[in-house]
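Trainee: Got a predicted model here, sequence first, then my questions.
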Amino acid sequence: MACTTLNIFSTILLLSILTNSYALDVLRRNKTIRDGDTIVSGNNEFFTSGSSTNRYVGIWFKKKSYGTIVWVANRNTPLNNTSGMLRIDNKAIILFANATNTTIRSSNSSTFVNNPVAQLLDTGNLVFRDDQEGGPDNFVWQSFDYPGDTMLPGMKFGKDLVTG
């Protein structure tokens, strides 16, 4: 990434590390992540965080290549205040701009999930899945399907000929 791009995306919204010994990697229904909250993968490799005028939801490295942006949800629509929130319902991970529930970004799954969770995996992949069905590898939506500028192990590059 160019230096100017790093400056723009150096402020990834929502999410400071809770503690070094405790990692929260799952967001469940009825829980909201607000500006300043963080989720961390189980191995503490990836997290979301930041602060500035433009606010973003994203994933970046915590330990290796600190600050390298892996994925940004709202790259083209930054929030301009701290009232943004991330939550899930039975069909999607949703980023809201403010308390009026203006949707900025949604994972837009057409599948209804009975026990929805959003989880940041150790691979850096943010996934939306049913907590009771098929384990952590059986997900409805994943951030790896919407790559940014950084390729990670486990990402696939190319076009899915079935889904387009």
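Mentor: Happy to help now that I have it.
Trainee: and the nearest residue to L86 once chain neighbours are set aside, how many neighbours?
Mentor: The shortest distance from L86 to any non-neighbouring residue, by CB to CB, 6 or more residues apart in numbering, is to I33 (4.3 Å). Placement of C-beta: from N, CA and C, glycine included. Neighbourhood size, I33 [other CB atoms under 10 Å]: 23.
Trainee: strand partners of the strand or helix carrying I33, parallel vs antiparallel please.
Mentor: Using DSSP states H and E, I33 maps to strand 32-34. Strand pairing for strand 32-34, determined by DSSP bridges: strand 85-88 (antiparallel).
Trainee: how distant is the partner strand from the center of its chain?
Mentor: Its chain's C-alpha centre and that of strand 85-88 lie 10 Å apart, by CA atoms, centre = their mean, to the nearest Å.
Trainee: CA-only coordinates of that strand in CSV, if you can.
Mentor: In CSV, the C-alpha atoms belonging to strand 85-88 read as follows (Å, rounded to 0.1, in the frame of the first residue of the first chain):
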residue,chain,number,x,y,z
MET,A,85,-22.0,0.5,15.8
LEU,A,86,-21.6,-3.0,14.5
ARG,A,87,-24.1,-5.7,15.4
ILE,A,88,-25.6,-8.9,13.9
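Trainee: what helices or strands is the next helix or strand after it leaning on?
Mentor: Going down the chain from strand 85-88, the next helix or strand is strand 93-96, by DSSP H and E. Counting contacts by 3 or more CB pairs under 8 Å, 6 or more residues apart in numbering; DSSP states H and E, strand 93-96 is packed against strand 85-88, strand 103-106.
Trainee: Other residues contacting the first one?
Mentor: Put plainly, it is strand 85-88. 14-15, 27-29, 31-35, 57, 93-96, 116-118, 128 (CB atoms under 8 Å, 6 or more residues apart in numbering).
Trainee: Please confirm that F144 is located within a strand.
Mentor: No. Per DSSP: H, G, I helix; E, B strand; the rest coil, F144 lies outside any strand segment and is helix.
Trainee: That one and N81, how far apart?
Mentor: Using CB to CB, to the nearest Å, F144 is found at 30 Å from N81.
Trainee: hang on, the earlier thing: mind checking how far the strand holding I33 is from the chain centre?
Mentor: Using CA atoms, centre = their mean, the offset of strand 32-34 from its chain centre is 12 Å.
Trainee: pLDDT wise, what is the nearest residue to N54 once chain neighbours are set aside at?
Mentor: Nearest residue to N54 in three dimensions, chain neighbours excluded: P78, at 3.8 Å (CB to CB, 6+ apart). The score at P78 is 84. That number is its pLDDT.
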